[in-house]
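Asks: next comes the sequence, and after it the predicted model I'd like to discuss.
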Number of protein chains: 2
Amino acid sequence: MAHTPVTLHDVAREAGVAVSTVSRALSNPDRVSPRTREHVQAIARRLDYRPNRVAQTLLTGRTQMLALLVPDITNPHNFGLIRGAEAQARAAGYTLVIGDSQEDADLELAHAERLGSAVDGLVLAASKLPEAQLRQLQGHRPVVLFNRQVPGFPSVVTDSADGSRQIVEHLVALGHRRLVYLGGPQTSWTDGERGRALSEHAQAAGIEMVRRGPFSPTVEHGAAAADVALATEATALIAFNDLLAIGVLQRLARLGVDVPGELSVVGYDDIFGSDFCRPPLTTVTSPAEPAGRAVIDLLLSSRVASEGPDAETEPQIVLPTRLRVRDSTAVPASGRRTRGH
Amino acid sequence: MAHTPVTLHDVAREAGVAVSTVSRALSNPDRVSPRTREHVQAIARRLDYRPNRVAQTLLTGRTQMLALLVPDITNPHNFGLIRGAEAQARAAGYTLVIGDSQEDADLELAHAERLGSAVDGLVLAASKLPEAQLRQLQGHRPVVLFNRQVPGFPSVVTDSADGSRQIVEHLVALGHRRLVYLGGPQTSWTDGERGRALSEHAQAAGIEMVRRGPFSPTVEHGAAAADVALATEATALIAFNDLLAIGVLQRLARLGVDVPGELSVVGYDDIFGSDFCRPPLTTVTSPAEPAGRAVIDLLLSSRVASEGPDAETEPQIVLPTRLRVRDSTAVPASGRRTRGH
DNA sequence: GTGAAAGCGCTAACAA
DNA sequence: TTGTTAGCGCTTTCAC
């Protein structure tokens, strides 16, 4: 239990050379003679020397750590993103740490500030922070946004708007004429995108779409959302995300409302469980792992970025989405639905 | 966009005092006169001074960060643990970072070493590391284990053995006489506990139990596991965890094997989805959030712990589990099952 | 090729 | 109460 970790000095003393030589032998092997290099490295190994990262950081300003802040680590939607980001970060020699802001802007800020000083870069997924605070964070370290676009920030988003287009197209093709969108948190940029695109495409198709909510994007809140949807004339319901949609499905089943017979249900994200809930959910899937890799690439390349007034030209990557049709959508009941409202 | 962050020196110069005074005014407000304190703090605020955590750390050795390493961040089983740990860490003024070791011991070690030097303590969930490596990590920083017990380490485990007892009791009560356990990774301590307890209780009840596997604890591997189970004479199948159990359920459904009519299925963990898969899964639930809080408590209290030879007395907390009976278990088919094998 | 020395931003003696 | 000074462990000029 060597409780006083071995330092560069220990190695230097043991090897009979100067600390600077040890430092070089270890990090710049070619700037030292083969003989001493071997010798020093052998000693270092024998002493089980580990460089003190903190000290290195103080000098270089680099921690070789990157942080990813997600709004809800329990939302399976984030899995692919995390996995992709992890892989890419590791490939580049960085360690990825993950933070959970629990759908709370204050917590997100606190976390970002804490972590911000300990990492080389920050990716904020579905950030709820106002632009001003975002910019302040950016002053410290490079920041990349996922599923949010803000001028001056590099970002990668999955194409929710196009997902909405595909949903409306699908529903219209089935014969639906009245839709209801059960919205997510007001602070959610994605919710805005999804709702707006849904409206636009519904309007373009000449059908009706109403919006309800906001609802918190959880299975638990699905019950309330289902009830609200039932109080409308809609024959198809689009939930902000799959978590909410699954909750809706559960409530509907308990109420004896047949899906998709009486009501079609659609979600977004294609999360774990959306394929084995009852009925399997029609939803919008997106390339989460590529997104994870992309955010890290952006982060790493933005280390060299200038921060002039030209900042509006930051890369904004948009990844395609695809509608995955399962069993929760079908042609609407021909007549008036029989459920009470 | 202050790109050269403001330092203590900047504040000191601006305030016309020494850096040490600024340092005190900010961190030890009572060791400085009210006048200067106000003055310095005002300047610091105006300049938007943020202490450099790295520099603080180098000196104090504290980062105010704690790390939690989970084997699979996409396993919903870990959610409660993460949430509980997060909450407790924050309450104590620490930031929790989460790492994912993807069920891989090498990755776990790499992560632990990287993070280990950047945090004040480490909790390893379901660690797959050999004891020797565990001890080595422990030399650096306090380490707490979750769902693994090793002499000399503080730990908290959920009582898998008792969960196994409850499963056997339940199955025997229903009339099952032949069980099969579809085991998890060989490196998994929890798998050992579950399998061993299952055997013991089956034997005590005078019924047969065979073990198959190992299987990787994923939905994907459930198909293979299901096929193996079908090749036995068992009327009830116990999967290492719910992820595997859900995969088994899917395969069985595709094969037309009725659950629980022809075969009963049980899992462990009570994860997201286990209540809405088809049929809802009988499983063992455990207090994950309390476990998360407990690991952090242990970590924080072990900072002061000695490391004498007396280390065997480290606290080992065991949290109770409870069988949650849903629809995937029932009385066995009276006659010989009709499926081919 | 190697060593001496400065210093990253901060805190904690020690003086004044 | 405040200022001066010495480092924490490391990298990196700059001499030799």
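Replies: Here it is on my side, so go on.
Asks: grab the nearest non-local neighbour of whichever residue of the stretch 51-200 of chain A sits closest to chain B.
Replies: Across the stretch 51-200 of chain A, the shortest distance to chain B (Cβ to the nearest Cβ) belongs to A:V97, at 3.7 Å. The way it works is simple: take the backbone N, C-alpha and C, and place the C-beta from them, glycine included. Closest residue in space to A:V97, ignoring its immediate chain neighbours: B:V97 at 3.7 Å, by Cβ to Cβ, 6 or more residues apart in numbering or on different chains.
Asks: who's in contact with the one you found?
Replies: By Cβ atoms under 8 Å, 6 or more residues apart in numbering or on different chains, the contact list for B:V97 reads A:67, A:97-99, A:115, B:65-68, B:115, B:119.
Asks: could you look up the SS state of it?
Replies: Secondary structure, DSSP: H, G, I helix; E, B strand; the rest coil: B:V97 is strand.
Asks: then A:R35?
Replies: helix.
Asks: now A:L237
Replies: On the basis of three-state DSSP, A:L237 is classed as strand.
Asks: one more: A:V119?
Replies: coil.
Asks: give me the low-pLDDT residue ranges for chain A?
Replies: Residue ranges of chain A with pLDDT under 70: A:1-3, A:303-312, A:334-341.
Asks: so which residues on it come close to DNA strand C?
Replies: Residues of chain A lying near DNA strand C by Cβ under 7 Å from any atom of the strand: A:16-21, A:24, A:31-33, A:35-37, A:55, A:58-59.
Asks: quick check: PyMOL command selecting the buried ones in these.
Replies: Of the residues of chain A next to DNA strand C, the buried ones go into a single PyMOL selection, burial set by 16 or more other Cβ atoms under 10 Å in any protein chain shown:
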select buried, chain A and resi 17+21+24+32+36+37+58
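Asks: out of the residues of chain A next to DNA strand C, who's nearest B:T187?
Replies: The shortest approach to B:T187 among those belongs to A:A55, at 34.5 Å (Cβ to Cβ).
Asks: residue contacts, the closest one?
Replies: Counted by Cβ under 8 Å, 6+ apart, A:A55 has contacts B:L58.
Asks: distance of it from A:T7?
Replies: Separation of A:A55 from A:T7 (Cβ to Cβ, to the nearest Å): 9 Å.
Asks: that older thread, helices - which of the residues of chain A next to DNA strand C land there?
Replies: Among the residues of chain A next to DNA strand C, the residues falling in helices (DSSP state H) are A:19-21, A:24, A:35-37, A:55, A:58-59.
Asks: between the contacts of B:V97, which sits nearest A:S302?
Replies: Of those, the one sitting nearest to A:S302 (Cβ to Cβ) turns out to be A:A67, at 14.4 Å.
Asks: in three-state terms, label the closest one for me.
Replies: Applying three-state DSSP: A:A67 is strand.
Asks: quick check: beta-bridge partners of it?
Replies: A:V97, A:L122 (DSSP bridges).
Asks: might you report the residue contacts of it?
Replies: A:96-99, A:112, A:115-116, A:118-119, A:121-123, B:97.
Asks: ok, so of the residues you listed, who is nearest A:T285?
Replies: A:V123 (21.2 Å).
Asks: would you agree the closest one is in contact with A:I296?
Replies: Yes - contact criterion Cβ atoms under 8 Å: A:V123 and A:I296 qualify, at 7.3 Å.
Asks: show me how the record splits chain A into domains.
Replies: A:8-60, A:65-157 (automatic domain parsing).
Asks: most packed of those?
Replies: The highest mean neighbour count among these, using mean count of other Cβ atoms under 10 Å in any protein chain shown, belongs to domain A:65-157: a mean of 22.
Asks: nearest spatial neighbour of the spatially most central residue of chain A, skipping sequence neighbours?
Replies: Centroid-nearest residue in chain A, with Cα atoms, centre = their mean: A:A125, separated by 3.9 Å. In space, and not counting its chain neighbours, A:A125 is closest to A:F146: 4.2 Å by Cβ to Cβ, 6+ apart.
Asks: please apply the same query to A:G93.
Replies: A:Q64 (6.4 Å).
Asks: ok, that neighbour to DNA strand D distance?
Replies: A:Q64 is 11 Å from DNA strand D, where distance means Cβ to the nearest atom of the strand, to the nearest Å.
Asks: run a quick neighbour tally on that residue.
Replies: 17 (other Cβ atoms under 10 Å in any protein chain shown).
Asks: for it, give its distance to A:R90.
Replies: With Cβ to Cβ as the criterion, A:Q64 and A:R90 are 11 Å apart.
Asks: picking up where we left off before, which residues do A:V123 and A:I296 both contact?
Replies: A:66, A:85.
Asks: sorry, back to before: the ones in helices among the residues of chain A next to DNA strand C also near DNA strand D: which ones?
Replies: A:19-20, A:24, A:55, A:58-59.
Asks: can I get the domains of chain A in TSV with distance to A:L252?
Replies: Formatted as TSV, the domains of chain A follow (distance: least, Cβ to Cβ, whole Å):
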stretch	distance to A:L252
domain A:8-60	53
domain A:65-157	21
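Asks: now the stretch 101-250 of chain A against DNA strand C: closest residue?
Replies: A:S117 (9.6 Å; Cβ to the nearest atom of the strand).
Asks: an error on my part: the question was meant for the stretch 151-300 of chain A.
Replies: Closest point on the stretch 151-300 of chain A to DNA strand C, by Cβ to the nearest atom of the strand, is A:L299, at 22.2 Å.
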